[in-house]
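A.B. asks: sequence first, predicted model second:
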Amino acid sequence: MELITILNRCHRFPGFVYQHAHLGADKKTIEVAVRPRKGSTAVCSRCHLPAPGYDQLAERRFEFIPLWGFLVFLLYTMRRVDCRRCGVVAVEEVPWGDGKRTLTKAYMLFLARWARRLSWKETAEAFRTSWDKVFDAVEHVVTFGLEHRVLGQIDAIGVDEIQYAKGHKYLTLVYQIDLDVTRLLWVGRERTIESFRGFFTVIGDELASKIVFVCSDMWEPYLKVIREKCSEALHILDRFHIVAKMNKALDEVRAGESRRMATEGRVPVLRKSRWLLLKREENLKTEQRFRLRDLLRYNLKTVRAYLLKEAFQQLWDYNSPAWAGKFLDDWCRQVMRSRIEPMKMIARSLRQHRELILNYFRAQKLLSSGVVEGLNNKAKVAMRKSYGFRTFRSAGHRCKTGAEQGMIAKPPRV
Ligand SMILES: [Zn+2]
């Protein structure tokens, strides 16, 4: 059986024929030449209708699903059409590709399916491709899905930013986090007001107005768009983001103090203390717990910052928004007197977002604490799982298992 026969079985398009398959010059790729069927007309990529030919462009390579360890490429010379309807010379549309993307639709679908089971990074590694290509695939499939399916009611969304390309670029991801459906709804480049607004443009005002619950971090452009588009929804700040920020501040204090102690030639008591301080105490092994106790006896900035961070955890135990608010105010006041600059930054930011933080407790009154916690966990698990980035794990918290989340009942509509 020949490769062409197999391709004709699984990936056949009227108007095009597979000519022949051969090994590429590097002997690691299979290249399959594709050409238009004789007499077939090219389709204009603007109006999606047949149009008379104009000329040809250079050959393009479309990556197909890899086979037996070989990368597979379809080689095709794109035609241009002189479309009278559109009044321009436009490049043709090919049924296996999507605009300028270099992956075939089939390969993008393949990667996107795996990317739901593995993290994006793991998917890239497993199929020897790049994170960018997996991202491209997910973006294509999600966008296609959003354009071609009727979205039902969306009760809850979570929005998150992720950093990629060595920290220079951001994406905005929007997840549906209803208790019975968790799915990636939308992917946008950048983390600007415009990019997040793009999501609401796609779903339309009617659906947006019915969203009852939004979970986000403290990124100002997101907060602004949420105020603008989901003013009726209960907006809570993802508590894991808050904890992560605090851990980052604590780590900064520790690193700074540790360096200072080294230059002053003092006993390096902070050496290898990073995880002791970032992990929750209940997650430490017995021996680590002893070391932590020992460390806490020192009068260090790091220790004071650690105690402040630990004290803050108590916030989440409150049921009443009023008492939670009082606790938050007291905590911030204490921190502002601490002379620990990174922690003071956190306190300032918490003060600034006080009302949103207290929404967490207001939501618990409306929904029940299990539900709110469930949505919060769901946002975290769905989001963190996608990236395969280590940054989030280093923030010192771990995802809850599916079983733990499964105990939560469906929220009532508010
Ligand atoms: Zn056209």
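C.D. replies: Cool, got the structure.
A.B. asks: how about the residues of the stretch 51-200 of the chain by the ion?
C.D. replies: Neighbours of the ion within the stretch 51-200 of the chain, by C-beta under 5 Å from the ion: 83, 85-86. C-betas here are computed from N, CA, C, even on glycine.
A.B. asks: so which of the residues you listed wins on neighbours?
C.D. replies: Among these, Cys83 has the most neighbours (other C-beta atoms under 10 Å), with 22 neighbours.
A.B. asks: in the stretch 301-414 of the chain, which spans are helices?
C.D. replies: 301-312, 321-336, 341-352, 354-367, 369-387, 391-394, 402-405 (DSSP state H, counting those that start in this stretch).
A.B. asks: typed the wrong thing, it's the stretch 101-250 of the chain
C.D. replies: 105-117, 120-126, 131-148, 193-209, 220-229, 239-263.
A.B. asks: looking at the ones you listed, which is nearest to Arg37?
C.D. replies: Among the helices of the stretch 101-250 of the chain, helix 105-117 comes nearest to Arg37, with 19.4 Å by C-beta to C-beta.
A.B. asks: now do the closest one, average pLDDT.
C.D. replies: Helix 105-117 comes out with an average pLDDT of 89.
A.B. asks: what's that helix packed up against?
C.D. replies: strand 53-67, helix 120-126, helix 131-148 (3 or more C-beta pairs under 8 Å, 6 or more residues apart in numbering; DSSP states H and E).
A.B. asks: rerun at 6 Å
C.D. replies: strand 53-67, helix 131-148 (3 or more C-beta pairs under 6 Å, 6 or more residues apart in numbering; DSSP states H and E).
A.B. asks: could you redo those as JSON lines and give each row mean pLDDT and mean neighbour count?
C.D. replies: Shown next, in JSON lines, are the helices and strands packed on helix 105-117 (pLDDT from 0 to 100; neighbours: other C-beta atoms under 10 Å):
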{"stretch": "strand 53-67", "mean pLDDT": "94", "mean neighbour count": "14"}
{"stretch": "helix 131-148", "mean pLDDT": "83", "mean neighbour count": "18"}
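A.B. asks: can you redo the ones you listed as CSV with distance to Arg362?
C.D. replies: Formatted as CSV, the helices and strands packed on helix 105-117 follow (distance: least, C-beta to C-beta, whole Å):
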stretch, distance to Arg362
strand 53-67, 49
helix 131-148, 31
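A.B. asks: and Leu277, which of these is closest to it?
C.D. replies: helix 131-148 (30.6 Å).
A.B. asks: what angle separates the closest one from helix 105-117?
C.D. replies: 100 degrees (axes from the mean of the first three to the mean of the last three C-alpha atoms, to 10 degrees).
A.B. asks: narrow the residues of the stretch 51-200 of the chain next to the ion to those in strands?
C.D. replies: Among those, the residues falling in strands (DSSP state E) are Cys83.
A.B. asks: one step back: and of the helices and strands packed on helix 105-117, who's closest to Gly198?
C.D. replies: Per C-beta to C-beta, nearest to Gly198 of the helices and strands packed on helix 105-117: helix 131-148, 10.4 Å.
A.B. asks: helices and strands around the closest one, which ones?
C.D. replies: Using 3+ C-beta pairs under 6 Å, 6+ apart as the test, helix 131-148 ends up in contact with helix 105-117, helix 120-126, strand 182-189.
A.B. asks: and these as TSV, adding mean neighbour count?
C.D. replies: Listed next are those as TSV, based on neighbours: other C-beta atoms under 10 Å:
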stretch	mean neighbour count
helix 105-117	19
helix 120-126	19
strand 182-189	19
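A.B. asks: export these as a markdown table, with columns for distance to Arg351.
C.D. replies: Below are the helices and strands packed on helix 131-148 laid out as a markdown table (distance: least, C-beta to C-beta, whole Å):
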| stretch | distance to Arg351 |
| --- | --- |
| helix 105-117 | 39 |
| helix 120-126 | 36 |
| strand 182-189 | 30 |
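A.B. asks: who's in contact with Gln314?
C.D. replies: Contacts of Gln314 were listed using C-beta atoms under 6 Å, 6 or more residues apart in numbering, and none were found.
A.B. asks: ok, it to Leu237 distance?
C.D. replies: 17 Å (C-beta to C-beta, to the nearest Å).
A.B. asks: for Val91, pull up the helix or strand it's in.
C.D. replies: strand 88-91 (DSSP states H and E).
A.B. asks: any idea whether Val81 is helix, strand or coil?
C.D. replies: strand (DSSP: H, G, I helix; E, B strand; the rest coil).
A.B. asks: what about it, neighbour count?
C.D. replies: 26.
A.B. asks: so it makes contact with Ala42?
C.D. replies: Yes - at 5.0 Å, Val81 counts as touching Ala42 under the criterion of C-beta atoms under 6 Å.
A.B. asks: need the overlap of contacts for the two.
C.D. replies: Joint contacts of Val81 and Ala42 (C-beta under 6 Å, 6+ apart) are Glu92.
A.B. asks: contacting residues around stretch 207-224?
C.D. replies: 153-159, 192-193, 196, 200, 226, 229-230, 233-236, 238, 241, 353, 379, 414.
A.B. asks: can you count the residues close to His11?
C.D. replies: 17.
A.B. asks: gap between Ile193 and Tyr175?
C.D. replies: Distance from Ile193 to Tyr175, by C-beta to C-beta: 19 Å.
A.B. asks: and those two? Which one has more around it.
C.D. replies: It is Tyr175, of Ile193 and Tyr175, that has more neighbours when counted by other C-beta under 10 Å, with 23 against 15.
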